[in-house]
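Q: build me a structure from this.
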Amino acid sequence: MALYQTNRAAAEYINEHLPPETIVGCWDAGVTGYFARRPVVNLDGFVNSWEFFQAMKTQGAARPLLRQQK
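A: Numbers count the residues shown, from 1 in each chain. Down below sits the predicted model:
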């Protein structure tokens with residue numbers, strides 16, 4: 001329950017303080033996406049992928065890869 005409450009508080013902060021076009025990357029994307037009312041990229045499996053690992057080896061390659069996930 002504490003993790004849910006923490007994610008909800010973070011999402012409500014995002015909703016109140018970040019521009020509407022902000023794309024959020026997080027774990028537990030369901031709670032965050034619901035309360036933040038923003039597009040959410042679920043990072044659970046993505047940052048553990050071979051594709052992301054390879055992108056991290058090249059300066060600036062991870063950002064476009066993350067943008068494709070939205």
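Q: output the helix or strand harbouring Tyr34 as CSV, nothing but the C-alphas.
A: Taking DSSP states H and E as the criterion, Tyr34 maps to helix 29-36. Extracted as CSV, the C-alpha positions of helix 29-36 are listed here (Å, rounded to 0.1, in the frame of the first residue of the first chain):
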residue,chain,number,x,y,z
ALA,A,29,3.1,2.8,-14.9
GLY,A,30,-0.6,2.1,-14.2
VAL,A,31,-0.9,4.1,-11.1
THR,A,32,1.4,6.8,-12.4
GLY,A,33,-0.4,7.1,-15.7
TYR,A,34,-3.8,7.2,-14.1
PHE,A,35,-3.1,10.0,-11.7
ALA,A,36,-0.5,12.0,-13.7
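Q: pull out the buried positions in it.
A: Neighbour counts using 16 or more other CB atoms under 10 Å place Ala29, Val31, Thr32, Gly33, Phe35, Ala36 of helix 29-36 among the buried residues. Where C-beta positions appear, they are placed from N, C-alpha and C, glycine not excepted.
Q: ok, those vs Phe53, which is closest?
A: Within the set of the buried residues of helix 29-36, Ala29 lies nearest Phe53; the separation is 20.6 Å, counting by CB to CB.
Q: now the closest one: closest residue in space, sequence neighbours ignored.
A: Taking CB to CB, 6 or more residues apart in numbering, and ignoring the residues beside it in sequence, Ala29 has Asn42 as its nearest neighbour in space, at 3.9 Å.
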